[in-house]
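Asker: Show me the folded form of this:
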Amino acid sequence: MLGFLHLRESYELCFTPTFSFRPRVDDLHLRLGDRHALDARHGRVLLSWAPFISGYLRSRTDLTVWDPISGDQLDLPELLPPQHQHYPYLFGSNSRAVVLCASTACDHLDCRRGHFLVVFIDASSHEVYVYIYSSEAGAWSHPTSAALDLNDPVRLLHRWHVAMAGNALYFSVHRRMTTGILRYDLGTQEISWVDLPPDCRCQDHRILLTTTGYGGLGIARVDNSRIRLWSREAGPNGVLGWAPSGAIELETVLPANSGDISTVAFVEGIGAFFIRTNVGSFTVDLVSNQVRKVFGNSHGVSSFVPYTSFLTPALGAAFTGAGSTAGGPTA
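Answerer: Model prediction:
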């Protein structure tokens, strides 16, 4: 992990490094303070203009894919709402978008130069629509849709991490006074519903979607000073279900006055959490339980988006103190 993007209290986007690396933002067209980070995956960051995610209704998308190492950026073509929608200004109010490598055979260690996909999901009407942008085709796909109960719309939860497990994306949603997961299969383009474990369904502010060490779907839930973990596994009859997979005890590794603890992000690929406490924000390694403080005071800091990529020592040294850097406190 090279660092993370986050919003300050003034809604200014900043990059905080966890390494000597500093992102390239030489092009004034890409001023981070004007943007919001929606997602970061496989060496790329997906940005939008701030109104896209702050509850404002928009008639179009303004999405940019950025490579922080090279500084390359690509403004995606405009994506308009479906013509049959009754309300044409709903992008941003109930939408999510993620960026990922286009290759299913890639190990994703150093694939930021290859083709990528952007998956955009919108649940603003009584149907869920999914669009896919392909950098190879240079265009958006026709939408895949799934009808919902007309009296029971879903609400996409923006503060939850979007997990990628296998060849599927998992989005957290709220429905029928409970929390669940929408699954989008990238291969079949099917949209389906996944229930959470019974004791997790009403705890949306303390639960995070994760991936397991073997690439499956997982869940993390804060319970006082402990992070409880579940994994989605096949049972003896072959049916997928949730099973407890461990716990991380935080009481002995966090300051005594940490107070309320919440998970705010999960770093895929390295298995680490971002957690927020009364005395700052920390990273917690899922395997070693090692804790590292990244903010002394996280008041006014929100929307953590971890950035990971492969960086050689020589390239990392070249970035130190060179070129333009993004604003934000150093870790």
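Asker: Can you tell me the closest non-neighbouring residue to G187?
Answerer: Among residues not flanking G187 along the chain, N167 sits closest, at 5.1 Å (Cβ to Cβ, 6 or more residues apart in numbering). Placement of C-beta: from N, CA and C, glycine included.
Asker: For F266, give its distance to E233.
Answerer: 19 Å (Cβ to Cβ, to the nearest Å).
Asker: Which of the two has more residues huddled nearby?
Answerer: F266 (23 against 16; other Cβ atoms under 10 Å).
Asker: where exactly do the strands run in the stretch 1-150 of the chain?
Answerer: 3-7, 13-17, 35-41, 44-49, 63-66, 73-75, 95-101, 116-122, 127-134, 139-140, 144-147 (DSSP state E, counting those that start in this stretch).
Asker: quick one, what contacts the nearest residue to F116 once chain neighbours are set aside?
Answerer: Leaving aside its sequence neighbours, F116 sits nearest to S135 (Cβ to Cβ, 6+ apart; 5.0 Å). Taking Cβ atoms under 8 Å, 6 or more residues apart in numbering, we find S135 in contact with 65, 74, 102, 115-117.
Asker: my read: G215 touches A165, true?
Answerer: Yes - G215 is within contact range of A165, at 6.1 Å (criterion: Cβ atoms under 8 Å).
Asker: between these two, who's got more neighbours?
Answerer: A165 (20 against 10).
Asker: show me what contacts the more buried one?
Answerer: So, once contact is read as Cβ under 8 Å, 6+ apart, A165 ends up touching 211-212, 215-218, 232.
Asker: who's in contact with stretch 189-199?
Answerer: 128, 130, 144-146, 170, 178-185, 201, 207, 217, 219, 230, 232, 242.
Asker: so N257 sits right up against N278, yeah?
Answerer: Yes - contact criterion Cβ under 8 Å: N257 and N278 qualify, at 6.8 Å.
Asker: Neighbour count: these two, which is higher?
Answerer: In this view N257 and N278 are compared by other Cβ under 10 Å, and N278 has more residues nearby, 13 against 8.
Asker: separation between S145 and V45?
Answerer: For S145, the distance to V45 - Cβ to Cβ - is 28 Å.
Asker: Between the two, which is the more surrounded one?
Answerer: Comparing S145 with V45 by other Cβ under 10 Å, the one with more neighbours is V45, at 25 against 14.
Asker: Is that one bridged to anything, and to what?
Answerer: A40, W66 (DSSP bridges).
Asker: Provide a list of residues in contact with it.
Answerer: By Cβ under 8 Å, 6+ apart, the contact set of V45 is 5, 37, 39, 65-68, 99, 305, 307.
Asker: tell me which of those is nearest to P17?
Answerer: Y307 (9.3 Å; Cβ to Cβ).
Asker: Which residue is the nearest non-sequential neighbour of that closest one?
Answerer: A40 (4.6 Å).
Asker: neighbours around that neighbour, how many?
Answerer: A40 has 27 nearby residues by other Cβ under 10 Å.
Asker: Am I right that it is in contact with L5?
Answerer: Yes - with contacts counted by Cβ under 8 Å, A40 reaches L5, the gap being 6.9 Å.
Asker: Please identify the most buried of the strands of the stretch 1-150 of the chain.
Answerer: Highest mean neighbour count among the strands of the stretch 1-150 of the chain (mean count of other Cβ atoms under 10 Å): strand 3-7, with a mean of 26.
Asker: Mind exporting the C-alpha coordinates of that one to CSV?
Answerer: Only the C-alpha atoms of strand 3-7 are listed here, as CSV (Å, rounded to 0.1, in the frame of the first residue of the first chain):
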residue,chain,number,x,y,z
GLY,A,3,-1.0,5.6,0.6
PHE,A,4,-4.6,6.5,0.7
LEU,A,5,-6.9,9.2,-0.6
HIS,A,6,-9.4,10.9,1.8
LEU,A,7,-11.6,13.9,2.1
